[in-house]
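Colleague: pasted the sequence and its predicted model underneath.
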Amino acid sequence: MNNDVLLVRTEGPVLVLAINNPSLRNAIGPEFFRAASKELARAAADSTVGAIVFTGAGGFFCSGGNLNELAANRERGPEVRRERLELLHKTILDIRRSPKPVIMAVEGGATGAGMALALAGDLLVAARNAFFAASYIRAGLTPDGGLTALLAESMPRQALTHMCLTGERQGAERMHQLGVVTTLVEKGHAVGEAIELARQLATGPERATGRILGLCRDARMHTLAEQMEREADAMVASQGDDEAAEGIAAVLGRRDADFTSLRGTATA
């Protein structure tokens, strides 16, 4: 399915969502947020979708909000501005709450809210020549989309503050050193690498994958004791799941596990 703001296709068990506004370097706004949240909800309910890849059309990931629209918001009043921000924030939260792994494939660059979008995924594949910028301050604006929280998961406060106060570009290699980018590839290969990684994850144990995503996404929000309690709950559930029966039997039998037949089934 294609529409004006989002190109949607499937690659086997992988749902690929491409931001489609190349003339404005894939600037995003309310139409994109609604479309992306709709596709994320559809994927969550579809047992044939095992993982999701976000990318941008035309060799650039996303330049963030449309500055003409942001300028017009000055005349719309605080309530309308807030409503539009809530659409962005809902999309970010929908990504973070997805029961399926979400992989971001960044070519060219990711700036402003586009950078927040890139950081919201579970894994981030970027071309070596790509760049990232918290560029709000250049327009007299402040970060949104959870950017400061998402960056704080990977970098020291001083580095976060420097990036937000200066708006300077950071190369993908530097972001890889900081742990923000998980995989570096050559120019033009980010989408292909992300899809291959997504295929790998999509053939894994569906429910165990979902439990791991929940543990990893919220790990920094809990004390050690709280996180161990969450791990215990997940492990108890996993041990009683048919996925574990297949996985353990495969390891003991020195064969590859086949989790595909268990997708969409109830926990044992």
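Modeller: Here it is on my side, so go on. Numbers count the residues shown, from 1 in each chain.

Colleague: where does the stretch 1-150 of the chain have low pLDDT?
Modeller: 1-3 (pLDDT under 70).

Colleague: again, only this time at 90
Modeller: Confidence mapping of the stretch 1-150 of the chain against pLDDT under 90 gives the ranges 1-4, 65-84.

Colleague: any idea which helix or strand comes after the longest helix along the chain?
Modeller: In the chain, taking DSSP state H as the definition, the longest helix is helix 78-96. Tracing the chain C-terminally past helix 78-96 and defining elements by DSSP states H and E, one meets strand 102-106 next.

Colleague: follow-up on the earlier one: and the longest helix of the chain, which residues are buried?
Modeller: Under the neighbour-count criterion of 16 or more other C-beta atoms under 10 Å, helix 78-96 has 84-85, 87-89, 91-92, 94-96 buried. To be clear about C-beta, it is placed using only N, CA and C from the backbone, and glycine gets the same treatment.

Colleague: per-domain residue ranges of the protein.
Modeller: According to automatic domain parsing, the chain comprises the domains 6-202, 206-262.

Colleague: do a quick rundown of the helices in the stretch 101-250 of the chain.
Modeller: 113-120, 147-152, 157-166, 172-177, 190-202, 206-217, 224-239, 242-252 (DSSP state H, counting those that start in this stretch).

Colleague: how far does the second one sit from its chain's centre?
Modeller: This means helix 147-152. 13 Å (C-alpha atoms, centre = their mean, to the nearest Å).

Colleague: could you do the fifth one as well?
Modeller: Its chain's average C-alpha position is 13 Å from that of helix 190-202, according to C-alpha atoms, centre = their mean.

Colleague: what is the mean pLDDT for it?
Modeller: Helix 190-202 carries an average pLDDT of 97.

Colleague: same question, the fourth one
Modeller: What helix 172-177 shows for mean pLDDT is 96.

Colleague: over to the longest one?
Modeller: When pLDDT is averaged along helix 224-239, the result is 95.

Colleague: mind listing residues that contact it?
Modeller: 207-208, 211-212, 214-215, 218-219, 222, 244, 267 (C-beta atoms under 8 Å, 6 or more residues apart in numbering).

Colleague: before we move on, back to that, redo the helices of the stretch 101-250 of the chain as CSV? Include distance to G59.
Modeller: Shown next, in CSV, are the helices of the stretch 101-250 of the chain (distance: least, C-beta to C-beta, whole Å):
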stretch, distance to G59
helix 113-120, 14
helix 147-152, 23
helix 157-166, 24
helix 172-177, 14
helix 190-202, 10
helix 206-217, 29
helix 224-239, 39
helix 242-252, 39
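
Colleague: can I get these in a markdown table including distance to G65 and mean neighbour count?
Modeller: Shown next, in a markdown table, are these (distance: least, C-beta to C-beta, whole Å; neighbours: other C-beta atoms under 10 Å):
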| stretch | distance to G65 | mean neighbour count |
| --- | --- | --- |
| helix 113-120 | 5 | 27 |
| helix 147-152 | 12 | 20 |
| helix 157-166 | 16 | 15 |
| helix 172-177 | 21 | 18 |
| helix 190-202 | 22 | 21 |
| helix 206-217 | 25 | 18 |
| helix 224-239 | 35 | 12 |
| helix 242-252 | 41 | 14 |
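
Colleague: out of these, which gets nearest to M104?
Modeller: helix 113-120 (4.7 Å; C-beta to C-beta).

Colleague: distance between the closest one and the chain's centre?
Modeller: 8 Å.

Colleague: mind checking how far the residue positioned nearest the centre of the chain is from D46?
Modeller: In the chain, the centroid-proximal residue (C-alpha atoms, centre = their mean) is G121; its distance is 1.7 Å. According to C-beta to C-beta, to the nearest Å, G121 and D46 sit 19 Å apart.

Colleague: still on that earlier bit, and of the contacts of helix 224-239, the nearest to V53?
Modeller: I212 (18.5 Å).

Colleague: ok, the closest one - contacts?
Modeller: Counting by C-beta under 8 Å, 6+ apart, I212 has contacts A234.

Colleague: just A57 next, same as before
Modeller: 7, 18-22, 26.
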